[in-house]
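[1] How does the following fold in three dimensions:
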Amino acid sequence: MLRRILAALVLACGVMLMPAAAPAKEPATFELSLEKAVEMAIANSKELQNAQYDIDRAWEVREKAADNVKYIPAGIISGDDAAKAAAAFTGLVQADLSWQAKKKAYEVTKDSVVMAVYKAYYNVLSAQENVRAKEATLKSAEWQRRIAADQLRLGMLSKSDFLTVSASIEQATKDLEAAKKALDDAYHQLNQLIGLWPEDRPVLTSRPKYEPLAVDSLDAAVERAVAESPTVWLAKSQVDYYKLRLDLYPFNTSSVSDPYDAWEIDVSKAEVSAASTEEQIRKQVRSIYYTAKQLEDSYAAVLQRLEVNREKLRVARLKFELGMATKADVLSAEAELAKTEKDLLDLVAQHEICVMLFAKPWVYSGGAGAGTSSGAGSFSGSSSQASR
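    Okay, the predicted model is just below:
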């Protein structure tokens, strides 16, 4: 009997000590502007943190390389001692360029984070508009089925035609479910960027802005983009490095296995690579420009369609109040207007992104991770001189 009492007490204590199940987290629904989302993403970005560490590390390497430089060689480099001095100096130049490249990579990564936030933020807005449009379509389809059901009952509609109307309900329902899932996915992407929980649903308060891309001279804008491109800077820096290394080529030493002609070829390859990089940027900027202009041409047409659909809805509502139109006519006009509003939002958002890319084309190829892959974050110059 005593054992049973003790066992019951132990069981009761165990139940009391068991941790309570964590309550489900309530989704956060605070207002969130685009500017605030950018600030949160920059503060939350692990890539930016690592990019800063890369800068700090590159500086330490540069300082170590500077300590190895005893004097700056000049003239013809001949003999082992001069070869070591030349290797130490070119090692410092290489380390310095790498440090500068890391700083540029940080800025590119930051630009990429900003671009990723704009895209994710606008994707949520687009997904919200899509859900609203699909809801309007489903509501219209449901009303059409009610009318079809009455017509079928009165013998004014065939069974096959009724089934066709009913099938539109099923499709509209599936489309709405897919739109809601896409909205959840869009929120998840945005929340991941800015450091929120996946279930949070901030209220987005900003909207994309339409401002035509004003360019006085496309050629001048292209060359300005080339001059400001971190990728082009890196390619030209590599040319300068290989030229310096060639100028300090050490003769009469066993510390270098490559012949002088091989180092000349390295210079030529770097020059070809730099020219190719410049040409790629030029093509990219022109492509972005023409895409923006095509969107501007489409903007006028979509805006006109929006005004037409607004007027159609206004007329449909007025006729409905006067008994000259049905509820189905109103719902159909509302669904068409919702689709057009989504089309306009998508176009304006895409145009704004194009304008941003035109100003900073080096983030064209990627999102938040584009910074380190753009070529601005590493310096690949190498030397076979005996610097160690």
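[2] Please enumerate the strands of the stretch 201-350 of the chain.
    In the stretch 201-350 of the chain, the strands defined using DSSP state E, counting those that start in this stretch lie at 203-204, 250-251.
[3] And for the last one, what's in contact with it?
    The reference is to strand 250-251. With contact meaning Cβ atoms under 8 Å, 6 or more residues apart in numbering, strand 250-251 is reached by 76-79, 82-83, 86-87, 256, 260, 385. Every C-beta, even on glycine, is put in place using the N, C-alpha and C of the backbone.
[4] which residues touch L190?
    Contacts here follow Cβ under 8 Å, 6+ apart; on that basis L190 touches 37, 117, 120-121, 123-124, 196.
[5] so how far is E352 from the nearest residue to D175 once chain neighbours are set aside?
    Take D175 and drop its neighbours on the chain: the residue closest to it by Cβ to Cβ, 6 or more residues apart in numbering is K134, 5.0 Å away. Taking Cβ to Cβ, to the nearest Å as the measure, K134 falls 24 Å from E352.
[6] Of those two, which one has the most company?
    Comparing K134 with E352 by other Cβ atoms under 10 Å, the one with more neighbours is K134, at 24 against 20.
[7] helices and strands around the helix or strand containing the more buried one, which ones?
    Using DSSP states H and E, K134 maps to helix 80-153. Using 3 or more Cβ pairs under 8 Å, 6 or more residues apart in numbering; DSSP states H and E, the elements in contact with helix 80-153 are helix 34-44, helix 46-67, strand 77-78, helix 159-194, strand 203-204, helix 230-247, strand 250-251, helix 327-359.
[8] Of the ones you listed, which is nearest L92?
    helix 46-67 (4.4 Å; Cβ to Cβ).
[9] Run through the neighbouring helices and strands of that closest one.
    helix 80-153.
[10] Repeat the analysis, applying 10 Å as the threshold.
    helix 34-44, helix 80-153 (3 or more Cβ pairs under 10 Å, 6 or more residues apart in numbering; DSSP states H and E).
[11] which stretch in the ones you listed is the model least sure about?
    Lowest mean pLDDT of the helices and strands packed on helix 46-67: helix 80-153, a mean of 92.
[12] Quick one: work out the angle between it and helix 327-359.
    Interaxial angle, helix 80-153 versus helix 327-359 (axes from the mean of the first three to the mean of the last three Cα atoms, to 10 degrees): 170 degrees.
[13] circling back: quick one: closest of the helices and strands packed on helix 46-67 to Y53.
    Closest to Y53 of the helices and strands packed on helix 46-67 is helix 80-153 (Cβ to Cβ; 9.3 Å).
[14] Would you mind checking the contacts of strand 250-251 for buried ones?
    77, 82-83, 86-87, 256, 385 (16 or more other Cβ atoms under 10 Å).
[15] Adding distance to L248, write those residues out as JSON lines.
    Putting these into JSON lines (distance: Cβ to Cβ, whole Å) gives the following:
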{"residue": "I77", "distance to L248": "5"}
{"residue": "A82", "distance to L248": "9"}
{"residue": "A83", "distance to L248": "9"}
{"residue": "A86", "distance to L248": "4"}
{"residue": "A87", "distance to L248": "8"}
{"residue": "V256", "distance to L248": "11"}
{"residue": "Q385", "distance to L248": "8"}
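[16] Between all of these, which two are separated the most?
    Counting by Cβ to Cβ, the most remote pair of the buried ones among the contacts of strand 250-251 is A82 and V256, 11.4 Å apart.
[17] before we move on, back to that, show the contacting residues for the residue nearest to D175.
    Counting by Cβ atoms under 10 Å, 6 or more residues apart in numbering, K134 touches 172-180, 182, 335, 338-339, 342.
[18] Tabulate the residues you listed (CSV), appending pLDDT, neighbour count and distance to K139.
    Shown next, in CSV, are the contacts of K134 (pLDDT from 0 to 100; neighbours: other Cβ atoms under 10 Å; distance: Cβ to Cβ, whole Å):
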residue, pLDDT, neighbour count, distance to K139
A172, 93, 21, 9
T173, 94, 15, 11
K174, 95, 12, 15
D175, 95, 18, 12
L176, 96, 19, 10
E177, 97, 12, 15
A178, 97, 13, 17
A179, 97, 20, 14
K180, 97, 15, 15
A182, 97, 17, 19
A335, 95, 23, 7
A338, 96, 22, 10
K339, 96, 19, 13
K342, 97, 20, 16
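[19] Among the residues you listed, which one sits closest to K64?
    Nearest member of these to K64, counting by Cβ to Cβ, is A182, at 51.3 Å.
[20] From L176, how far off is that closest one?
    11 Å.
[21] hmm, back to that, using TSV, lay out the helices and strands packed on helix 46-67 together with distance to V315.
    Shown next, in TSV, are these (distance: least, Cβ to Cβ, whole Å):
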stretch	distance to V315
helix 34-44	36
helix 80-153	17
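[22] Please identify the deepest-packed of these.
    Compared across the helices and strands packed on helix 46-67, helix 80-153 shows the largest average neighbour count, a mean of 21 (mean count of other Cβ atoms under 10 Å).
[23] Centre of the chain to that helix, how far?
    Per Cα atoms, centre = their mean, to the nearest Å, the displacement of helix 80-153 from the mean C-alpha position of its chain is 1 Å.
[24] Just want the angle from that helix to helix 230-247.
    Going by the same axes, to 10 degrees, helix 80-153 makes 160 degrees with helix 230-247.
[25] So which bits of stretch 181-200 are buried?
    182-183, 186-191, 193-194, 196, 200.
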